[in-house]
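Dropping the sequence and predicted coords here.
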Amino acid sequence: MGPAWSTGARRRLAAALAGREARWLLGILGVALLVRIAVIVATRDYAPWGDPADYDRIAIAFSALGEWAPTTWAEPGTPTAFRAPAYPLLLAAIYDLTGMRYAAARVVEALLGVLSVGLVWAIARQIATDPRVARWAAGLCALLPSLVWLNASLLSETLFVPLLLGAVLAVLLHRERPGWRLALLAGVLAGLAVATRSSGAPLVLPLLLGLWLPGRRWRPTAVAAVAVVLVLTPWTVRNWIELDRFMPLGSHAGYTLAGVWNEESNGPGELFAASRLPEQQRAMQDLFLPSRLTEGQLDRELRARGLRYGREHPGFVARATGAHLLRLFLVGPGHARAAELSAREMAIPEGWRGTLRPPVLALVLLTLVAVVGWIRRRRLPGPLWLWAVPVVLLVTTAPLVGSPRYRIPLDPFLALAAATAIPLLMDRLRPRRAEPSADEAACAES
């Protein structure tokens with residue numbers, strides 16, 4: 001065990017969970033749950049499409065047969081490692097308990113969404129002394145349409161977000177109560193996050209940095225790193241046996257890379273840098289017809305071709321990154337098509353799809369206001385490594401993906417940043433009381 005909690009940490013935690021602050025938190029969590037359940041009830045005819053349909057397919061196979069479903073894009077009947085394992089396994093467990101009901105899975109997702117709201121509140125309480133920051137951060141996450149609709153879909157981000165936020169909170173707590181237990185918890189949660197979405201692997205680096213600083217603490221950093229490796233080991237061993245490849249993160253990278261960095265995507269118009277299925281590209285036909293390879297073999301070949309095209313066309317990579325960056329935030333050429341695909345995967349009815357853009361743009365504007373304030377005061381609300389998490393998430397996503405759905409794990413951090421600006425703006429806009437005159441002060445004293 002590490003040393004005892006500091007007096008300041010104990011007082012802050014006690015104050016945060018007592019009295020009025022506790023009522024605020026319970027109220028926000030209650031609203032978050034009601035809104036998410038209302039969305040589930042309003043979309044009772046939900047049917048998975050796109051990625052959710054594939055998660056559903058894998059979960060059904062595992063629940064019914066105890067086996068991982070085969071590939072859908074390599075040699076028929078061969079094993080797949082295209083989807084990270086954590087979310088399909090969670091879905092399979094829900095199906096085992098409820099008889100494969102989408103409603104039950106969506107309710108669990110709603111609860112995960114409420115957990116995310118609570119974690120955002122706890123993180124805000126750790127980095128900001130003003131309790132209003134935590135209320136606003138949690139309130140924004142409770143009602144933000146992107147997060148609400150996400151929690152009514154069968155998408156892995158629903159599990160990824162609370163795992164990532166939980167790892168961040170564990171690192172923050174470790175800074176006040178150093179010890180191996182919180183470091184182990186941070187590592188396990190980070191490993192599970194990577195096992196939920198392999199694209200989250202780079203986010204482990206800022207988390208380990210948070211454990212290492214201040215004081216260059218090697219032991220907790222090593223504990224967390226080992227925990228990440230151990231969590232991913234079963235999936236790595238399974239892939240080595242089934243696909244005869246060392247694939248700790250699965251076979252998704254090559255498919256994604258070749259789908260964007262290719263000649264067909266490098267064309268004019270709104271479809272510039274939009275992903276093309278590799279099996280439908282002319283330049284990739286030799287990999288798929290007449291004979292098909294296993295996923296491990298295809299991943300290696302697709303990765304090599306995608307990287308080669310990127311090296312030969314660096315200008316395209318730069319322009320594609322810019323286009324994706326705009327589309328992630330629902331602006332720029334081609335954003336409407338990207339938003340449409342995201343909305344279909346998240347099962348958002350057509351009449352409600354327009355609700356996504358204004359809140360996101362408002363959140364970005366408030367975040368920019370907050371960043372300007374941080375620069376002027378030369379002080380960040382919280383450690384630098386914490387804000388490196390959303391930066392790394394954005395930097396690793398934009399070169400390959402422009403779908404707004406992939407921005408959603410960033411939204412809780414945008415809410416945190418925006419929440420630091422809202423109380424300051426409110427204080428500035430609030431009319432100040434006029435100073436009493438000398439006669440008024442004399443009357444008051446008499």
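Thanks, I have it.

For the rest of this, base every contact and every neighbour count on C-alpha atoms.
Fine.

just checking, what packs against the helix or strand where W121 lies?
Assigned by DSSP states H and E, W121 belongs to helix 102-127. Packing contacts for helix 102-127, counted by 3 or more CA pairs under 8 Å, 6 or more residues apart in numbering; DSSP states H and E, involve helix 19-42, helix 86-98, helix 131-143, helix 157-176, helix 411-429.

can you give me the angle it makes with helix 19-42?
With axes from the mean of the first three to the mean of the last three CA atoms, to 10 degrees defining the directions, helix 102-127 sits at 150 degrees from helix 19-42.

Make JSON lines out of the helices and strands packed on helix 102-127 and add mean pLDDT.
Below are the helices and strands packed on helix 102-127 laid out as JSON lines (pLDDT from 0 to 100):
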{"stretch": "helix 19-42", "mean pLDDT": "94"}
{"stretch": "helix 86-98", "mean pLDDT": "96"}
{"stretch": "helix 131-143", "mean pLDDT": "97"}
{"stretch": "helix 157-176", "mean pLDDT": "96"}
{"stretch": "helix 411-429", "mean pLDDT": "92"}
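
Rebuild the ones you listed as JSON lines, extending it with mean neighbour count.
Output for these, formatted as JSON lines (neighbours: other CA atoms under 10 Å):
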{"stretch": "helix 19-42", "mean neighbour count": "17"}
{"stretch": "helix 86-98", "mean neighbour count": "20"}
{"stretch": "helix 131-143", "mean neighbour count": "24"}
{"stretch": "helix 157-176", "mean neighbour count": "24"}
{"stretch": "helix 411-429", "mean neighbour count": "20"}
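
Output those helices in a markdown table; the columns should cover distance to F272.
A markdown table is the format used below for those (distance: least, CA to CA, whole Å):
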| stretch | distance to F272 |
| --- | --- |
| helix 19-42 | 34 |
| helix 86-98 | 31 |
| helix 131-143 | 32 |
| helix 157-176 | 26 |
| helix 411-429 | 25 |
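
pLDDT score for the residue nearest the centre of the chain?
By CA atoms, centre = their mean, the chain has its centre lying nearest to P409, at 2.1 Å. With respect to pLDDT, P409 scores 97.

So it versus L394, what's the distance?
10 Å (CA to CA, to the nearest Å).

Which residue ranges of the stretch 251-400 of the chain form strands?
All residues of the stretch 251-400 of the chain lie outside strands when identified by DSSP state E, counting those that start in this stretch.

show me where pLDDT drops low in it?
Counting by pLDDT under 70, the stretch 251-400 of the chain contains low-confidence ranges at 291.

Recalculate using a threshold of 80.
290-292 (pLDDT under 80).

closest to E345 out of the helices and strands packed on helix 102-127?
With respect to E345, and counting by CA to CA, the nearest of those is helix 157-176 at 11.9 Å.

Quick check: next helix or strand after that closest one?
helix 180-196.

and the residue nearest to the centre of the chain, what does it touch?
Applying CA atoms under 8 Å, 6 or more residues apart in numbering to P409 gives the contacts E157, F160, V161.

Make TSV from these and add distance to R245 to it.
Formatted as TSV, the contacts of P409 follow (distance: CA to CA, whole Å):
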residue	distance to R245
E157	26
F160	25
V161	29
